[in-house]
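A.B. asks: sequence and predicted structure are below.
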Amino acid sequence: MSDFLMPSLGADMEAGTLLEWYVKPGDAVKRGDIVALVDTSKAEIDVEIFEDGVIDELLVGEGARVPVGTALATVRPVGVDAKPAVATAGQAQAEPVPVPEPVGAPAAMPPPTPTPVRAPVSRGAPPPPPHPTNGDHRRRVSPLARRTAEQLGVDLSQVPGSGPNGAITRADVERVATVAAPLVTPPSPPAAALASTDRQAAMRQAIGALMTRSKREIPHYYLQLEIDMSRALAWLREANLARPVNDRLLPSVLLLSATARAVIEMPEMNGFWIDEAFQPGAGIHLGVAISLRGGGLIAPALHDADRKGLDEIMAGVRDLVQRARAGRLRSSEMSDPTITVTNLGERGVDLVHGVIYPPQVALVGFGAVRERPWAVAGMLGVRPIVIATLAADHRASDGHVGSRFLTLIDRKLQKPEEL
Amino acid sequence: MNEQDMREVVIRALTEIAPDIDPAAIDADRDLAEQLDIDSMDFLNIVVLIHERTGIEIPERDYPKLSTLSDAVAYLAAAQEQGASA
């Protein structure tokens, strides 16, 4: 029997609110299955389980806010009886006791390894029944709609969704609120649930705490390099001509791919600084900075970006953006990034001096691609130029290494056909 | 599809990608990306939605012609006309 713990979904998370269980006692689960929806102060995250087994007991009820490392449920290995009391002594001995894997802490995830703590909160009290599975047990609600519903005191189960696949939008909530206005009770969110009116403040606080830690602990050094994007963009235009609109690629996909491929040759940039030492990342998982509508920022992992083709990167980023906005990221995406890339140039700035996400050791930033005067072989021309920047942890690397890294990204972008 | 329908298609695509925007508040002659804080991924997704619902092919080089709501509606209406007469 092992415990399924409230995972750490990023270095800035101290506690999480269990919004919804997707499993109930007796359900078989496999490594990687999504078992619960957890609200960090930044987002709602689908939490995966990291072992095979059967859910034995849910220890924390929906709506409860508990610290990272709290046991949320107990999981028994497949084939082990639900009631150990029934097992004879002989059987019990024959059954090798499985060494519990650190649940919720994938291998790639850096410490802090949560110490199991039992939540006294709802121990003993039967967990609320899982939501009725009316063929749509994961009702899609935009975070904004959820927030609005809490503000207006609207019961989401009473709201018909008009969005894609029946998703509930803010307009739907407001419609119901208007209709029910005379009956609306003052909002009284469950005490434990994070009052969503405070979400904005909580997110600012989480970002603030993490970035303060970064600036306090990490001796950043910064480098920048202007990169000629002529070849990359010409290649992209050509490639997109032949593609139906659904398959078109964005320039940012080339930037991500070039970065991931440069990281292969510069492992010093990929990993974590923990306990006074560098720990290389297991795999190249690019944290893709995504700004959330309404404010805030999240940088979930594009897993194994170095092994993905451009189409896969495009699909991966599209999927991440969509789910980040809809509040449907997975726990592994929150904890896995080994280096972050921000493409703030999208919003028009020339360059970005990034703040590293602890405990990562590097952040690559791309500014806007702009036409600029560019001298080549004694001639002046006009070329599309992007300024790539690197913010790196001086404890883990020196400017010399960082410089080679940026130069490598440039070189990769000059051969777009190989990306 | 008349112009009003085209406008509906564009607005629906916009609100699906950015559910928090108020269609009534869109300034038809102001740059959509800047006005609604839409990035290139959002824009591409909007183009995909418009294509799915109207069947109109929008080549990449024409993206700048869809930068405001008025321009987009005019472009789509013209493209449909051409498609119909072709």
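C.D. replies: Perfect, I can see it now. Note that this is a predicted model, so its numbers are computed, not measured. Numbers count the residues shown, from 1 in each chain, chains lettered A, B, ... in the order given.
A.B. asks: tell me the contacts of residue 79?
C.D. replies: All of this is about chain A. Not one residue lies near A:Gly79 by Cβ atoms under 8 Å, 6 or more residues apart in numbering or on different chains. To be clear about C-beta, it is placed using only N, CA and C from the backbone, and glycine gets the same treatment.
A.B. asks: correction: the question concerned chain B.
C.D. replies: B:Ala79 touches B:Ile56, B:Glu57, B:Ile58, counting by Cβ under 8 Å, 6+ apart.
A.B. asks: surely A:Gly63 is within a helix?
C.D. replies: No. Under DSSP: H, G, I helix; E, B strand; the rest coil, A:Gly63 falls outside any helix and is assigned coil.
A.B. asks: quick one: neighbours of it, just the number.
C.D. replies: 19 (other Cβ atoms under 10 Å in any protein chain shown).
A.B. asks: hang on, isn't it packed against A:Trp21?
C.D. replies: No. Contact between A:Gly63 and A:Trp21 fails when scored by Cβ atoms under 8 Å: they sit 10.8 Å apart.
A.B. asks: before we move on, the earlier item: the contacts of B:Ala79: which ones sit near chain A?
C.D. replies: B:Glu57, B:Ile58 (Cβ under 8 Å from any Cβ of the partner chain).
A.B. asks: for the helix of greatest length in chain A, buried residues please.
C.D. replies: The longest helix of chain A (DSSP state H) is helix A:199-217. In terms of neighbour count (16 or more other Cβ atoms under 10 Å in any protein chain shown), helix A:199-217 has its buried residues at A:Arg199, A:Ala202, A:Met203, A:Ala206, A:Ile207, A:Leu210, A:Met211, A:Ser214.
A.B. asks: the first one contacts A:Ala43, doesn't it?
C.D. replies: No. Using Cβ under 8 Å, A:Arg199 and A:Ala43 do not qualify as a contacting pair, with a distance of 9.2 Å.
A.B. asks: run through the chain and note the low-pLDDT ranges.
C.D. replies: Just going to use chain A. Across chain A, the ranges flagged by pLDDT under 70 are A:81-140, A:142-144, A:147-148, A:150-155, A:157-158, A:160, A:162-167, A:169-197.
A.B. asks: meant chain B actually
C.D. replies: Using pLDDT under 70, chain B drops low at B:84-86.
A.B. asks: run through the residues that contact the spatially most central residue of it.
C.D. replies: Residue closest to the average C-alpha location in chain B (Cα atoms, centre = their mean): B:Val10, at 4.1 Å. Listed by Cβ under 8 Å, 6+ apart, the contact partners of B:Val10 are B:Ile46, B:Ile50, B:Leu69, B:Ala72, B:Val73, B:Leu76.
A.B. asks: which of the three states applies to it?
C.D. replies: helix.
A.B. asks: could you measure from it over to chain A?
C.D. replies: To chain A, B:Val10 is 15 Å away according to Cβ to the nearest Cβ, to the nearest Å.
A.B. asks: what's the next secondary structure element after the helix or strand hosting A:Leu363?
C.D. replies: For A:Leu363, the enclosing helix or strand under DSSP states H and E is strand A:362-366. Going down the chain from strand A:362-366, the next helix or strand is strand A:370-376, by DSSP H and E.
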